[in-house]
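> coordinates only, sequence not included:
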């Protein structure tokens, strides 16, 4: 049973990383924060935080 809890936790973390990656890519493409939140399932606050991080990090 503990293995399934660990496995589920790993899956949830991977899904959260994927959502943040999609959100970051969408923000770079110019999608509005509200739209990014809606399509990723992240909160508006989480998307705004990602947006701030994108503005602070140097462009590659």
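Nice, I can see it. Just so it is clear, the structure is predicted and the values come from calculations on it, not from any experiment.
> For residue 15, give its distance to residue 40.
10 Å (Cβ to Cβ, to the nearest Å). Any C-beta I mention is one placed from the backbone N, CA and C, and that applies to glycine too.
> who's more crowded, those two?
residue 40 (20 against 11; other Cβ atoms under 10 Å).
> who's in contact with that one?
19-20, 22-23, 26, 47 (Cβ atoms under 8 Å, 6 or more residues apart in numbering).
> List the buried residues for stretch 10-26?
Within stretch 10-26, the residues that count as buried by 16 or more other Cβ atoms under 10 Å are 19-20, 23-24, 26.
> What helices and strands are in contact with the biggest helix by length in the chain?
In the chain, with assignment by DSSP state H, the single longest helix is helix 2-28. In terms of contacts (3 or more Cβ pairs under 8 Å, 6 or more residues apart in numbering; DSSP states H and E), helix 2-28 is packed against helix 33-40, helix 44-56.
> What residues does the closest residue in space to residue 33 that isn't next to it in sequence make contact with?
Nearest residue to residue 33, sequence neighbours excluded (Cβ to Cβ, 6 or more residues apart in numbering): residue 47, at 4.9 Å. For residue 47, the contacting residues are 23, 27, 33, 36-37, 40, by Cβ under 8 Å, 6+ apart.
> can you put those residues in CSV and add distance to residue 55 and pLDDT?
Formatted as CSV, these follow (distance: Cβ to Cβ, whole Å; pLDDT from 0 to 100):
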residue, distance to residue 55, pLDDT
23, 14, 98
27, 9, 97
33, 12, 98
36, 14, 98
37, 17, 97
40, 18, 96
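> Residue 54: which of those is nearest?
Using Cβ to Cβ, residue 27 comes nearest to residue 54 of those, at 5.8 Å.
> I figured the closest one hits residue 53, correct?
No: the pair residue 27 and residue 53 does not pass the contact test of Cβ atoms under 8 Å, sitting 9.6 Å apart.
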